[in-house]
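Novice: could you work out the structure for the sequence below:
(2 chains)
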Amino acid sequence: MGAVLVQMDNGCLLRLEGTVDIASAAEFKTLLLQALAVGRDVAVSLEAASYLDVTAVQLLWAADREARSQGIRVTLSGGCPEIVRRSLAQAGMADLPLLNN
Amino acid sequence: MNSAHQSDQFKQSFREEAREILVDLESALLELNEHPADLELIGRTFRGLHTIKGSGSMFGFERLAAFTHNLETSFDEVRNGRLEVTPELIDLTLSALDQMRVLLEEGAGSAAHDPAVCQAILDRVRKLSGSAVVPASADDEGSEAGATSASSSSATGLSAPFAMEGQNPGHVSGPIRAWHIRFAPGPEMLLDGTDPLLLLRELGSLGGLSVRASFSALPPLAELEPERCYVAWDLALATASPLEAIRDVFIFVEDHCELGIEPAEEPEATAGADPARPRPAGAAPAGEVLARGLEEPRSQAGGRRNYDQPDNATSLRVPAAKLDQFVDLVGELVTVQARLSELAARSDDPDVAAVSEEIERLTSSLRENSMNIRMLPIRATFEKFRRLVHDLARDLGKDVELTMEGADTELDKTVIDQLGDPLMHLIRNSMDHGIEPAARRAALGKRRTASIHLSARHSGASVLIGVADDGAGIDAEAVRARAIEKGLVAPSAELTETQIFGLLFEPGFSTAKQVTDVSGRGVGMDVVRQRVDALRGTIEVSSRPGEGTSVTLRLPLTLAIIDGLLVSVGEAFFVLPLGSTLECVELSRADVQRANGKHVADVRGELIPYIRLREYFNMRCQPPAIEQVMIVETGEGHYGFVVDCVLGDCQTVIKNLGRCYRNVQVVSGATILGNGTVALILDPERLVQAVLRTQAQRARGHPAAQRAGSLNQEQLVHQANHCIGGDGSNASASPLAN
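Specialist: Below is the predicted model of the structure:
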């Protein structure tokens, strides 16, 4: 997995790469908390991601709620690969706020 | 946690579980061979194959999963009544199980599988079932999950991990039914290595599936445990597959999730209809059904477990080594407790005595419990011989059935582990030499199908394991003649039947005129005796010509504890196994004089030879005026052991003496007494044999026998102290060591 947090002028960019699953869940949560702590919108890039498991999706979902409660947003930067979108749809998670923000 | 390490752990857990399933599968198949219409056995076989396939795929055993998938498909055909259970299918599946074992172990340093053998088996499966076979040489370990959609899975190759999951609904005949499934993974499911999304994909391969995830249980991000699953799913499935097939998808996670499967209020349609067709008027749309389901709290979802309640798992898997360590520690505790009891007995303080008694009670209970944990039913050992009997019967062209009795009899795992080889040799010997070919049996007026009967039952502190056949029996005269020919007995020797049958277990002894692949080299029976001796057991053989042979192994229930009789000679202590001790009689100097120096005691008119432990162990202390003779039953008849004093019975934890005692067979172990003294545990059987051997050598003027044929007890105890004391603490506590 790869999850890279990049500080931008207008917030943070969290770039996900490859398979994002339980093996990296703890690290992913830490990065999300760090990004939200900045207090600005968080952009998430899925362009290099190939698979998100349940742990990754529920972290993104919880991050979205947290952001809304702070008055900021978690947004998708760039597109979502078809393979990721399709597997989320198969899992009944196509309405993940990140994909619809 | 390191994910690679975690993955290895999962793989190892899967291997252990799969080995057990393979044993069960083998047993089910062999039973199925006898009862080919038994639906329960067919279902058991299918579920076993399905579990190995599903779990194997999940834990990265793709080749195993792909290979097993084909077998599972065949048994699905059997389950649906489209394929008949025949001896050929059973043989083929048994061969396939062998390959599954190879595939299971090949990542753990074992030899790699032979793709040609696997493919040959699958080709024969295809011929039998007439189904398309997924190639056995799939190699996609490490490929990314999620690369294939459920809808296309059954059409693609095995390069994607779950491409072979499930069955194409178009292949299943019968009405399509709609199901409402509520699936809420338990919090630990992800940690167990299960990805719920892959289960959904497998479910999707059964038919048309609508999926909706619920995140209502998701806590705030800061409180969220990242490796725990908070998501639940409500699913609507339209499939022609039966309820059992839906359950099978969840078969290896059903104890780790809440699962509810209910028929939806959906009219039936015929096979081949579009599962995603519009719903008839009046039927609730899937979305509404799902929405209703999601409003219900998880705990009321009709699931199997409530994860808000404490874990109600009924069993744990614990490595045997940890258990051994635990039992060793309990053994140490027993030793220390005995010392405490002795100190308390010397103290005048009633409080100390009360605490000591309480600790004694608890220790006794702890010891009993720890021993019980290691007790296992012998069933698994018995069951694995079904395959042996099946294969040998086929190879030898004989018709044999295996029956069992008392398979739930429990004995120590250590004993069970060492019982496999002796039983295998006994069964092979029976099959090869004892049981006649069917035609010969028919000519003799016997049932064409011969029988091998395995039995187990408790008898006091022992367990009796029997291997009986209804074959030709043993010709005692032929055994005797062969023994004379081999120089094992003198031609003039008068032997009882027991002694003659005992010759069968001599090294290299065989009456077989022909050496076969199965037996006849005279090795097997020798191995049986060695193993049984090592287990402190005995062998009894009874046979009737023309009617059959029965071999009974008498084994201790456990090797960790012995019920013994504590005796002393001078300042030394010995333990004699209580099970073989018959009685104790006094031996005065007058008795010795009356016997004219012969080592025999007159016990109610019966002359019983005895061995003086003082002499055997070269102890120089003076004997008391009246000594005690412990009369013990051995394979050589009744023998006496002369000691100074009988201190009473004791249940002692046996300490292994390790390599330094490897060649001292008359001592089977040692134990530490309450005062810290080491007592040697004697093996009366071997002691008598050693003395008889020495006497025979002396009679022949053998030089080794002139060196006394005895042991130095002080030296032995000194060595024992070092062996079992470890850090020397016990050694220094023993006066004998000084």
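Novice: from now on I want contacts and neighbour counts done on CA atoms only, so please keep to that.
Specialist: Fine.
Novice: ramachandran coordinates for B:Thr449?
Specialist: phi -80, psi 120 (degrees, to the nearest 10).
Novice: check contacts around whichever residue of chain A sits closest to chain B.
Specialist: Using Cα to the nearest Cα, the single residue of chain A nearest to chain B is A:Gly92, 4.2 Å away. Going by Cα atoms under 8 Å, 6 or more residues apart in numbering or on different chains, A:Gly92 touches B:210-213, B:233.
Novice: go back to those residues and keep what's next to chain A.
Specialist: B:210-213, B:233 (Cα under 8 Å from any Cα of the partner chain).
Novice: how about these in JSON lines, adding secondary structure and distance to B:Asp195?
Specialist: Shown next, in JSON lines, are those (DSSP: H, G, I helix; E, B strand; the rest coil; distance: Cα to Cα, whole Å):
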{"residue": "B:Ser210", "secondary structure": "strand", "distance to B:Asp195": "18"}
{"residue": "B:Val211", "secondary structure": "strand", "distance to B:Asp195": "16"}
{"residue": "B:Arg212", "secondary structure": "strand", "distance to B:Asp195": "16"}
{"residue": "B:Ala213", "secondary structure": "strand", "distance to B:Asp195": "14"}
{"residue": "B:Trp233", "secondary structure": "strand", "distance to B:Asp195": "13"}
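Novice: narrow those residues to just the buried residues.
Specialist: Among the ones next to chain A among the contacts of A:Gly92, the ones that count as buried by 16 or more other Cα atoms under 10 Å in any protein chain shown are B:210-213, B:233.
Novice: switch these over to CSV; also include pLDDT and distance to B:Leu680.
Specialist: Formatted as CSV, those follow (pLDDT from 0 to 100; distance: Cα to Cα, whole Å):
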residue, pLDDT, distance to B:Leu680
B:Ser210, 82, 72
B:Val211, 85, 70
B:Arg212, 85, 70
B:Ala213, 88, 68
B:Trp233, 91, 65
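Novice: for the helix or strand harbouring B:Ala245, what is the average pLDDT?
Specialist: Element membership for B:Ala245, per DSSP states H and E: helix B:243-249. For helix B:243-249, mean pLDDT rounds to 84.
Novice: now the following helix or strand past it: buried residues?
Specialist: The element immediately downstream of helix B:243-249 (helix or strand, assigned by DSSP H and E) is strand B:257-263. By 16+ other Cα under 10 Å, the buried positions in strand B:257-263 come out as B:257-261.
Novice: can you tell me which residues in chain A are near chain B?
Specialist: So chain A meets chain B at A:19, A:22-23, A:25-26, A:29, A:33, A:51, A:53-55, A:58-59, A:62-63, A:65-66, A:83-84, A:86-87, A:90-93 (Cα under 8 Å from any Cα).
Novice: longest helix of chain A?
Specialist: Scanning chain A for the helix with the most residues, using DSSP state H, yields helix A:54-70.
Novice: next one: it to chain centre, how far?
Specialist: Centroid separation between helix A:54-70 and its chain, computed with Cα atoms, centre = their mean, to the nearest Å, is 8 Å.
Novice: tell me the strands beside the next helix or strand after that helix, with direction?
Specialist: Of the helices and strands lying after helix A:54-70 in sequence (DSSP H and E), the nearest is strand A:74-77. Strand pairing for strand A:74-77, using DSSP bridges, gives strand A:42-52 (parallel).
Novice: picking that back up, same list, the buried residues of strand B:257-263, but as TSV with pLDDT please.
Specialist: Formatted as TSV, the buried residues of strand B:257-263 follow (pLDDT from 0 to 100):
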residue	pLDDT
B:Cys257	86
B:Glu258	88
B:Leu259	89
B:Gly260	89
B:Ile261	89
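Novice: and these, which is closest to chain A?
Specialist: For the buried residues of strand B:257-263, the nearest to chain A is B:Cys257 (14.9 Å; Cα to the nearest Cα).
Novice: near chain A too, which of the buried residues of strand B:257-263?
Specialist: By Cα under 8 Å from any Cα, no member of those lies near chain A.
Novice: out of those residues, what pair is the most spread apart?
Specialist: Spatial extent of the buried residues of strand B:257-263 (Cα to Cα) is set by the pair B:Cys257 and B:Ile261 at 12.5 Å.
Novice: where does the prediction get shaky in chain A?
Specialist: A:1-2, A:101 (pLDDT under 70).
Novice: let me know the closest of the buried ones among the ones next to chain A among the contacts of A:Gly92 to B:Gln593.
Specialist: Of these, the one sitting nearest to B:Gln593 (Cα to Cα) turns out to be B:Trp233, at 92.2 Å.
Novice: OK, contacts around the closest residue to the closest one other than its chain neighbours?
Specialist: Spatial nearest neighbour of B:Trp233, excluding adjacent residues (Cα to Cα, 6 or more residues apart in numbering or on different chains): B:Ala213 at 4.5 Å. Listed by Cα under 8 Å, 6+ apart, the contact set of B:Ala213 reads A:91-93, B:231-234.
Novice: cool, and B:Ala345?
Specialist: B:Ala353.
Novice: same question for B:Tyr230.
Specialist: A:58, B:185, B:187, B:215, B:217-218.
Novice: got the residues you listed as a markdown table, with neighbour count, secondary structure and distance to B:Ile484 columns?
Specialist: A markdown table is the format used below for the contacts of B:Tyr230 (neighbours: other Cα atoms under 10 Å in any protein chain shown; DSSP: H, G, I helix; E, B strand; the rest coil; distance: Cα to Cα, whole Å):
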| residue | neighbour count | secondary structure | distance to B:Ile484 |
| --- | --- | --- | --- |
| A:Gln58 | 24 | helix | 82 |
| B:Pro185 | 25 | strand | 72 |
| B:Pro187 | 18 | coil | 72 |
| B:Phe215 | 18 | coil | 84 |
| B:Ala217 | 12 | coil | 83 |
| B:Leu218 | 18 | coil | 84 |
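Novice: rebuild those as JSON lines, extending it with distance to B:Leu555.
Specialist: JSON lines is the format used below for the contacts of B:Tyr230 (distance: Cα to Cα, whole Å):
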{"residue": "A:Gln58", "distance to B:Leu555": "58"}
{"residue": "B:Pro185", "distance to B:Leu555": "47"}
{"residue": "B:Pro187", "distance to B:Leu555": "46"}
{"residue": "B:Phe215", "distance to B:Leu555": "59"}
{"residue": "B:Ala217", "distance to B:Leu555": "57"}
{"residue": "B:Leu218", "distance to B:Leu555": "58"}
